[in-house]
Structure formats: structure tokens, C-alpha cells
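K.L.:
Predicted coordinates and the sequence they were generated for:
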Amino acid sequence: MLAHIHNTSRAAPVARPLSARSLFSPASSYPPSSCPSIRRHPLVVHPGKKMARIAAPQSRPVHATPYVNHAAPVEASYDTANPSYIRKYLRTYGLTPPRAESYEVQKTRCLAQLALKSTVIDKFLYLSTLRKNNVHLFYRLVSDHLKEMTPLIYTPVVGEACQRWSEIYQQPEGMYLSWEDRGNLAAVIANWPQPHVDITVITDGSRILGLGDLGINGMGIPIGKLALYTACAGIRPEATLPLTLDLGTGNKTLREDPLYMGSRRDKISPEEEREFMDELMTALTERWPGIVIQFEDFKNPFPSLERYRHTYTCFNDDIQGTGAVILGGVINAVKRSGLPCKDHRAVFLGAGSAGVGVAKQIVDFFVREGMTEDEARACFYLVDTKGLVTADRGDKLADHKVYFARQDNEGQQLRTLDEVIDHVKPTILMGLSTLGGVFTPEILRKMADWNTHPIVFPLSNPSSKSECDFETAVTNTDGRVLFASGSPFPSVSFTNSAGETRTYSPGQGNNMYVFPGIGLGTILSKAVEVTDSMIYASGAAVAEALTGEELEQGLLYPDVTRIRAVSVVVARKVIRAAQEAKVDRETGLRSMRDDELDNYIKSRMYDPHTEVRALEREVGALLSSLGPTYAGLTGVVDDVNENSKL
Ligand SMILES: NC(=O)C1=CN([C@@H]2O[C@H](COP(=O)(O)OP(=O)(O)OC[C@H]3O[C@@H](n4cnc5c(N)ncnc54)[C@H](O)[C@@H]3O)[C@@H](O)[C@H]2O)C=CC1
Ligand SMILES: CC(=O)C(=O)O
Ligand SMILES: [Mg+2]
């Protein structure tokens, strides 16, 4: 089918009728064209090949636009909050029920409909449809109800949605690129209908959360992550691109599933993947030179990160984002433990991208606290499927594990988590293993015997893969645990051995506290690369972002409802780190004081609550400037200044 696309030379569209999308573009990132009625689609020609993108229709009425973007703001054309003159202007007048509604009314209806859905997948699908049909309302709802909504659009529910993606699929969202498209990636990418993209999240689906290789069913992850970029850091929804690579899957069940919508091939080789990724990175930056690229949920993401990190503006969320967010929680937990860094011993179950990424960030923290790198590294004991990672274990260690391979084991190999724990008597226990429930009550009780405040972070996602739940951690440590999990758990009421009853609240150690701010800071500073210092700064910012009240409550992470405010702090620190490393191209931000920079960041964040008003103002101003001639010519508007009669 794609051969047909690639070999067909069709005229690129040159002009479109006045598009609602142009009205949503903030001046600084998308300079308004002198004539808003014309929007050009770039014709992308891949070096050495002659090809044209498949042509979009030359002219369509706005109300019939079948855009495939999951968050195209043109869908706001149908917002029942729009007053009648906007509807007339957008030619949606008569296509929605007559009354122009308040947000409160819309929200009441949405929450009532959500409550009627009996399964979490039904709720997930309802919210996906809402995002598609009324993007501003979706983001208003999510940002007002972050605690209730994030589990539905992100972990844990997105995990189940990915497992069942082929079964529950309803609407096109995001973009898929297949191995068979190699050589033509630029042409396929040119089909993305949005003219401007600030950020993309890319997965090949080969390690989705802790659920294994889900092939293209992993698309729920880029969509969910980018929804959080918008909800938590105000990246404009139309400037986000969820991207899933169809590079085959090692999951035989999926390959044999008649409903599976990806290719049936086995996973391509690492060499083929490198070839594909090289072309992809070129194609993405060719179309959107300033694009920030986030790699997500690749099975072995270290080679790509090393290959591209200094050449493209990219980062890996599982290695670096996770490292940073857990750094933030550990900075606070170490303070609360009362022990200096040098007295901590950390056992990590899981020595993959997240385990190694987190351990490295904490080494960096310990070094900043005055230890040498060797002293800091010696505090870490990583465990994988073969046991404690040691230099003389007898197997060939993957490159990323070598740094943490222990050399002080005197030939002894510890094969199980229990053996390692008994040997090390850790102060910190991290779970990044995908093994649900492996931190047993017995292990937790030992942690409580050895430590006044054991630090236990079961970080695997989704909830079913968490190494323990919060209640088990609280009840088996007499309420003394310093806890954070990757997926959310409810608070627990518990009476400790001293007879004190308290409600304990868990921390959520999830990279969602940092990646939105890393992306925002990188976009605004126009950084040419994402440096280690920018990543570290994002984690330190999360630690600093706790309020006095949150500290008093014993929280390790800010309350999730404050995540937008946290993202501003993260973005500011990321920008400052970019400036220090001199990788920022938006040098005008350097002279701003911190409060000025915060205001600037906030001013650049998409706020779904103000979008309807902004649309009213923009349409009013635009129509007034165009005057009666334009209105008469197009027949779009019969009375520019008419307000809703309803
Ligand atoms: N909380 C958060 O923000 C994040 C959580 N994660 C979670 O961390 C988990 C791991 O992710 P990655 O490191 O990227 O995966 P990975 O596949 O790179 O690493 C998994 C590690 O677990 C080890 N492991 C697996 N089964 C084991 C067993 N039976 N005994 C001992 N070790 C075993 C493997 O040897 C490997 O070292 C996933 O569940 C993921 O959802 C990942 C990124 C962010
Ligand atoms: C949160 C995340 O990125 C993961 O579990 O992979
Ligand atoms: Mg991930």
C-alpha cells in the first residue's frame, strides 16, 4: 500500500481555506502567516529519492476535516462552549446542540458519563474519544482532576489498554512507521497533518511498562506520555507527535493474533534497527528542525541514546527521566533517613535501563555530597536474573551493567534476592524488575529491623508488576517505611506498635514528575542537546519543589495535583542547566531573573481553561481586521460582532 504512496507523484496542496488551527498557534512558536487563509504543507523529498507526500484534499470545509491527530485543536470547533459567532465562523453552527455551555456544565456531564462506565478500559476509551472530539475540554478535565485522571490515561490503565490495543482500537491516533517504510520515512512523516511539532515520544513497543514486548500495541504509551506533556507542562496538544515503530515483535502470541495491527515479522536485528533509527532521526529533524525526541520503552535503549544524544535534541525517559525522578525522591528520603550518604547501601532488583539509569543518578548525588565516585559506586548492589551483578560471574555482562559489577565478592556469587539482601543488609531497596510482589513481607520486616526508616521504592509498572504495594510496605515496617512506587496506590490507615493511628500517603516515583518539565525547558531554551546536567537538574528540582506542608506530611514527592507548578520549577532548572552548559539557543532567557523566567515559562504553557476565551478574542480580532469584504466573500460570518443569543 505504501509503495503506492511513495511512487505516486501528486501535487502538494498549496492553499487551504482559513483553518481553525492557525488561530491556535502562539505567535512565538508558530509565527502567524501574513495571510492566515493559506497554510502550506511542506513537500519533503528524501535525499536521493524522488517522492511526494500523499496529497491532502485541496479544500475542505472545516467541519468535515477528518484530521488524524489525536489532539488536533480543530476538533475544538465542536466545543459546546463556543458562542454562536464562533460556531458561524468555524462553520459548525447548527452542528452541535444550540446552547453555549459553561465549563461547569460540560464537566458535570463528562464526570457523570465517566462514572457510568463500568470498566477502566471503558473509561480509557471514553477519555480518548473526548480528547479527539473536544481537546480543550479533555485537558480541562484532566488538569482539574489529575489524581483521578492520570491513572486512567497513564499507568496503570494504559498498560491494560496496550495489552488489548488491537482489540479495543477505535480511532486513528499518532503515527506508525514500519520497517518496510525504510528509505521513505521522510515521505511518510510528511503525511503528519500538523505543520508544527515541538516534541515526539517514540517507542518500538518492545518493553511496554513491565508487560514485555507488545509490538505496535505499545502506541498507548506515546499517546499517554504526550497527554501528560500537555496536561502537566502545557505543551500545546497539536505540537505533540506520538510515534510507534513497527519493527516486528518477538511476541509470538501477537503475531498470531488475527486482530493484531502490526507487521507479522519477527523483531529486526540491532543493525537493522540502527539503520532505521538513523533515517528516522534525520527525517524528523528535517521536517521539524527544533523537535525534541523522547525515546520510550525500548527493550535495550542504551545504544540509541549513546548514538544520538550529542547530535540530536533527545533523551531517554526510562534511563534518564526515571533516573532523575528517583534521584529527587532519594534526595528527600536520604534526608529523612537521618543517615549520611556514605552509610547507605542500596540493593536494586533489576539492572536494566531504569535500574542502571537510577543507580547512576544516585551515584552522581552521592559524589556531589562529598564522596569519591568509587566510594559512591561501592554503595550499589545490582541484581538481575542471574543474581548479584559481579565482574567474575561467568557470563558476559551487558555493557550497561559493567560499571556496577562488583569486584569485592571474593569469588562468591549470590544468586537470589534473599541472599543479596541478607549479605548487604541494605538501607535502600529499589525495584525495577517487572516482578510483582517480590518484596515479600519477610523482606520488608528485615528492612524494618535493620533501619529506622527503610527506603523502599517498588518502581515497576503497572501496579500488578509493583514489587510490593503500599499497604504491605506500611504494615510490615511498622509504618516507618519511606516509600515511593511507580504506579499510584491508595493511602493507608495504620496503627503502629506505639498505638498511634495515622493515615500514611505513598509517594509516586514516576518519571511523569520530570519528563514534562524536561521537555518544556528544552523546547523553550531551544537546547541543541539534553545534557546530563539538565537531567540532574530536573531531579533536584523535584526534590526542591516540595512545600513545607508536604515535607511535614512526610511526602517524598509533591502532591500530584501540583504537578503543573512542579513542571515550571523543573523547566526553569533545566533551562538554567542548558544555559550553564551553553547548549541553549534562546539566549534571551539568560538575562531573566528566576521569577521573570517562571512568568515567561507560564506564559508559554498551553492552558485549556483560557483557550475558549483566546479563541473568542482571536476570532473577533481577525474578523474585525478582515472586515466585511472577507466575511462577504466567504459567507462564513454574517455578523462578526454578534454574541450568542442563547
Ligand atoms: N517508575 C518509573 O517511573 C519507571 C518504572 N519503570 C519500570 O521498571 C521496570 C523495568 O524497566 P526497564 O529497566 O526499562 O526494563 P529492562 O528490561 O531493561 O530491565 C529489567 C531488569 O529486571 C531484571 N529481571 C527481570 N526478571 C528478573 C528476575 N526474575 N529476577 C531478577 N531480575 C530480573 C532483568 O534482568 C533486567 O535487569 C518496568 O516494570 C518499568 O515499568 C521503568 C521506567 C520508569
Ligand atoms: C513510567 C515508565 O516510563 C515505565 O514504566 O516505563
Ligand atoms: Mg517508560
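P.N.:
Okay, I see it. Ligands and ions are numbered 1, 2, ... in the order given.

K.L.:
the strands in the stretch 151-300 of the chain, which residues?
P.N.:
Counting by DSSP state E, counting those that start in this stretch, the segments of the stretch 151-300 of the chain that form strands are 175-178, 199-203, 240-246, 292-295.

K.L.:
so which of the ones you listed is the most packed in?
P.N.:
Most buried of these, by mean neighbour count (mean count of other C-beta atoms under 10 Å): strand 199-203, with a mean of 27. Using the backbone N, CA and C atoms, a C-beta is placed for each residue, glycine as well.

K.L.:
so what strands line up beside that one?
P.N.:
strand 240-246 (parallel), strand 292-295 (parallel) (DSSP bridges).

K.L.:
mind putting the strands of the stretch 151-300 of the chain in TSV, mean pLDDT and distance to ligand 1 included?
P.N.:
Output for those, formatted as TSV (pLDDT from 0 to 100; distance: least, C-beta to the nearest ligand atom, whole Å):
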stretch	mean pLDDT	distance to ligand 1
strand 175-178	98	22
strand 199-203	98	12
strand 240-246	98	17
strand 292-295	98	11
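
K.L.:
Any chance of the backbone angles for the residue in the stretch 351-500 of the chain that ligand 1 sits nearest to?
P.N.:
The minimum distance from the stretch 351-500 of the chain to ligand 1, using C-beta to the nearest ligand atom, falls at residue 352 (1.8 Å). When read as degrees, to the nearest 10, the backbone of residue 352 gives phi -100, psi -150.

K.L.:
How about this structure: which residue is closest to ligand 2?
P.N.:
Checked against ligand 2 (C-beta to the nearest ligand atom), the nearest residue in the chain is residue 461, 3.7 Å away.

K.L.:
which SSE is that residue in?
P.N.:
Assigned by DSSP states H and E, residue 461 falls within no helix or strand.

K.L.:
residues touching the residue of the stretch 351-500 of the chain closest to ligand 1, list them.
P.N.:
By C-beta atoms under 8 Å, 6 or more residues apart in numbering, the contact set of residue 352 is 384, 432.

K.L.:
Is the closest residue to residue 170 other than its chain neighbours in a helix, a strand, or coil?
P.N.:
Closest residue to residue 170 apart from its sequence neighbours, by C-beta to C-beta, 6 or more residues apart in numbering: residue 125 at 6.5 Å. At residue 125 the chain is in helix, as set by DSSP: H, G, I helix; E, B strand; the rest coil.

K.L.:
Roughly how far does the residue of the chain closest to ligand 2 sit from residue 156?
P.N.:
7 Å (C-beta to C-beta, to the nearest Å).

K.L.:
and for those two, which residues touch both?
P.N.:
What both residue 461 and residue 156 touch, as defined by C-beta under 8 Å, 6+ apart, is the set residue 487.

K.L.:
who has more neighbours, the two?
P.N.:
residue 461 (25 against 20; other C-beta atoms under 10 Å).

K.L.:
how about that one, phi and psi?
P.N.:
phi -120, psi 160.

K.L.:
what sits against it?
P.N.:
So residue 461 contacts 155-156, 159, 209-210, 486-487, 510 (C-beta under 8 Å, 6+ apart).

K.L.:
ok, 7 Å please
P.N.:
155-156, 159, 209-210, 486-487 (C-beta atoms under 7 Å, 6 or more residues apart in numbering).

K.L.:
By neighbours, which of those wins?
P.N.:
Counting by other C-beta under 10 Å, top hit in the contacts of residue 461: residue 486 with 29 neighbours.

K.L.:
Can you give me the buried ones in the longest helix anywhere in the chain?
P.N.:
Longest helix of the chain, by residue count under DSSP state H: helix 608-634. Neighbour counts over helix 608-634 (16 or more other C-beta atoms under 10 Å) mark 608, 611-612, 614-616, 618-619, 622-623, 626, 630-631 as buried.

K.L.:
Check those one by one and keep those near ligand 2.
P.N.:
Contacts with ligand 2 within the buried residues of helix 608-634, counted by C-beta under 6 Å from any ligand atom: none were found.

K.L.:
Would you format those residues as TSV with pLDDT included?
P.N.:
As requested, those are exported to TSV (pLDDT from 0 to 100):
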residue	pLDDT
608	92
611	83
612	74
614	80
615	77
616	78
618	78
619	78
622	77
623	75
626	73
630	54
631	51
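
K.L.:
about what we covered before: now, which of the contacts of residue 461 sits nearest ligand 3?
P.N.:
Nearest to ligand 3, judged by C-beta to the ion, of the contacts of residue 461 is residue 209 at 6.7 Å.

K.L.:
Let me see the contact set for the closest one.
P.N.:
Per C-beta under 7 Å, 6+ apart, neighbours of residue 209: 155, 159, 461-462, 465.

K.L.:
Is it possible to get a markdown table of the strands paired with strand 199-203 that adds distance to residue 500?
P.N.:
A markdown table is the format used below for those (distance: least, C-beta to C-beta, whole Å):
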| stretch | distance to residue 500 |
| --- | --- |
| strand 240-246 | 47 |
| strand 292-295 | 44 |
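
K.L.:
Residue 259 is nearest to which of those?
P.N.:
Nearest to residue 259, of all the strands paired with strand 199-203, is strand 240-246, at 15.2 Å by C-beta to C-beta.

K.L.:
Flag the shaky bits of the stretch 51-200 of the chain, pLDDT-wise.
P.N.:
51-76 (pLDDT under 70).

K.L.:
Near ligand 2, which residues of it? Just list them.
P.N.:
So the stretch 51-200 of the chain meets ligand 2 at residue 155 (C-beta under 6 Å from any ligand atom).

K.L.:
Pull up the residues of this protein that are close to ligand 3.
P.N.:
Neighbours of ligand 3 within the chain, by C-beta under 5 Å from the ion: 296-297, 318.

K.L.:
near ligand 2, from the residues you listed?
P.N.:
Filtering these for neighbours of ligand 2 using C-beta under 6 Å from any ligand atom leaves 297, 318.

K.L.:
Can you tell me which of the residues of the chain next to ligand 3 is closest to residue 521?
P.N.:
Lowest distance from residue 521 to these (C-beta to C-beta) belongs to residue 296, with 18.2 Å.

K.L.:
quick one: residue 424 and residue 458, what's the gap?
P.N.:
17 Å.

K.L.:
out of the two, which sits in the busier spot?
P.N.:
Each of residue 424 and residue 458 has its neighbours counted (other C-beta under 10 Å); residue 458 has more, 32 against 20.

K.L.:
what does the model give the closest residue to that one other than its chain neighbours for pLDDT?
P.N.:
Spatial nearest neighbour of residue 458, chain neighbours left out: residue 467 (3.5 Å); criterion: C-beta to C-beta, 6+ apart. What the model reports for residue 467 is a pLDDT of 98.

K.L.:
My reading is that residue 467 lies in a strand. Confirm?
P.N.:
No - assigned with three-state DSSP, residue 467 falls outside any strand and is coil.

K.L.:
Test my guess that it contacts residue 432.
P.N.:
No - at 8.5 Å, residue 467 does not count as touching residue 432 under the criterion of C-beta atoms under 7 Å.

K.L.:
list the residues that contact both of the two?
P.N.:
The contact sets of residue 467 and residue 432 overlap at residue 460 (C-beta under 7 Å, 6+ apart).

K.L.:
mind listing the strands for this protein?
P.N.:
Under the criterion DSSP state E, the chain carries strands at the ranges 175-178, 199-203, 240-246, 292-295, 314-316, 346-349, 380-384, 387-388, 428-431, 455-458, 482-485, 492-495, 501-504, 507-508.
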